[in-house]
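> I'll drop the sequence and a predicted model, then ask my questions.
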Amino acid sequence: MPIAKDPSACPHGRLLVDPHGRLLARFQDDARDGTRWADLFELADGIAPEQVVPAVLADLPGALVSGSEAVGLALVAAGARRRRHAHVFSRDLRADPPPPWRPVGIPDGVRITALDRPAADLVDAWRAAFPPGHPDHLGGPPPADVERELADQIGGQVLGPLLPCSGLAIDGEDRVVAGISVTDRRGTPPWGAPWVGDLFRHPDPRWAGLGRLLLERALSIAAELGLPALGLAVTKGNPARRLYESLSFRLVLTSLTVEVPPASP
C-alpha cells in the first residue's frame with residue numbers, strides 16, 4: 001500500500017511509500033474543514049522533495065500537505081495551490097526552563113483562568129484579533145464557522161487533546177478578551193509534543209500584553225508538568241514572531257501548506 005500506518009507514531013501517523021516499498025515520507029493523517037490534511041509531512045532520509053511529488057499527487061489527491069518549504073515548492077511546481085506560508089518555532093523546556101509564572105502586569109479587572117469556556121465565548125475576541133489586513137485574517141468567515149473550528153480545537157479533534165497550560169483572560173464584564181490553546185500533538189519535538197494551536201487577543205489597547213502573559217503562563221505550567229517543549233507555527237509576516245523570539249522560541253524551519261490538485265476524472 002502506498003500509504004501505511006506508522007507503527008512508531010501516534011494513531012494518526014502514516015507512512016508514504018513508493019510502489020517498491022521504499023519509504024518516502026512520514027505525516028500525520030488529519031482533516032481540516034472536511035479536507036484531508038497531511039500535516040507534519042517529513043521526508044525520509046535520503047529522499048529529495050521532487051521524489052515525493054508523484055506519490056503525493058497519486059495518493060493524496062485534493063489533500064492539504066504541510067511540510068518544509070522545499071516540499072511545498074516542489075508540489076506547487078507540479079500544480080498544487082499555496083495555502084499558508086509559516087515559520088515553525090520550538091522552545092525547549094528542559095534545556096532552557098522558563099521561570100515560574102507570576103500574575104503581575106495583569107490589567108485591572110482582568111482575571112486569568114483555565115480554558116474552561118465553550119467555543120462560542122471565544123469567537124468575538126478571536127475574530128477581532130485577526131482583522132482585514134492581518135496575515136491570519138480568514139476573509140470574514142461566518143461566526144458559526146469560527147465557533148466550529150474553535151470547538152474542534154478545544155475538543156481535541158484537530159491537534160490533539162487540550163492541555164492544562166491553555167488559558168483565558170476574562171474582563172470585568174465576564175467576556176473573553178484573550179486566549180491560548182495548547183494541545184498534545186504527541187511524538188517527538190519539535191513536531192510532536194505540546195503545540196500552541198491558537199494565541200489571540202482582542203486589539204483594544206486596554207488588553208495589550210495579555211498575549212505575552214498567557215504564553216508565559218503556558219510555558220511555566222508546561223515545564224512544571226514535565227513536558228519537553230512547546231511548538232507553534234506563525235504565518236509569514238505576522239508580527240507575533242517577535243514575541244516568540246523574545247521568549248526564546250527558536251526557528252526550526254519555514255513551512256508551506258499547499259492544496260494538492262484533485263484526482264483527474
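Good, I have the coordinates. Numbers count the residues shown, from 1 in each chain.
> C-alpha only now, for contacts and for neighbours.
OK.
> need the contact list for residue 226.
Residue 226 makes no contacts at all, as judged by Cα atoms under 8 Å, 6 or more residues apart in numbering.
> what separates it from residue 208, distance-wise?
Taking Cα to Cα, to the nearest Å as the measure, residue 226 falls 30 Å from residue 208.
> kindly report the same for residue 93.
Using Cα to Cα, residue 93 is found at 26 Å from residue 208.
> in this structure residue 262 contacts residue 61, no?
Yes: judged on Cα atoms under 8 Å, residue 262 makes contact with residue 61 at a distance of 4.6 Å.
> between the two, which is the more surrounded one?
Between residue 262 and residue 61, counted using other Cα atoms under 10 Å, the more crowded position is residue 61 (17 against 13).
> in what helix or strand does the more buried one lie?
Using DSSP states H and E, residue 61 is not contained in any helix or strand.
> for residue 104, give its distance to residue 14.
According to Cα to Cα, residue 104 and residue 14 sit 44 Å apart.
> just residue 208 next, same as before
41 Å.
> over to residue 210?
Between residue 210 and residue 14 the computed distance is 38 Å (Cα to Cα).
> dihedrals phi and psi, the nearest residue to residue 49 once chain neighbours are set aside?
The shortest distance from residue 49 to any non-neighbouring residue, by Cα to Cα, 6 or more residues apart in numbering, is to residue 71 (4.9 Å). Torsion angles at residue 71 (phi, psi; degrees, to the nearest 10) stand at phi -70, psi -40.
> spit out the contact partners of residue 71.
Residue 71 makes contact with 49-50, 256, according to Cα under 8 Å, 6+ apart.
> out of residue 104 and residue 14, which sits in the busier spot?
residue 14 (21 against 7).
> report pLDDT for the closest residue to residue 99 other than its chain neighbours.
In space, and not counting its chain neighbours, residue 99 is closest to residue 220: 6.5 Å by Cα to Cα, 6+ apart. Residue 220 carries a pLDDT score of 97 in this model.
> in a strand, residue 220, correct?
No: in this structure, residue 220 is helix, not part of a strand, as judged by DSSP: H, G, I helix; E, B strand; the rest coil.
> what is the neighbour count of residue 67?
Based on other Cα under 10 Å, the number of other residues close to residue 67 is 22.
> and it, which of the three is it?
strand.
> which other helices and strands does the helix or strand of the chain with the lowest mean pLDDT contact?
Sorting the helices and strands of the chain by mean pLDDT, DSSP states H and E puts helix 143-154 at the bottom, at a mean of 82. Counting contacts by 3 or more Cα pairs under 8 Å, 6 or more residues apart in numbering; DSSP states H and E, helix 143-154 is packed against helix 123-129.
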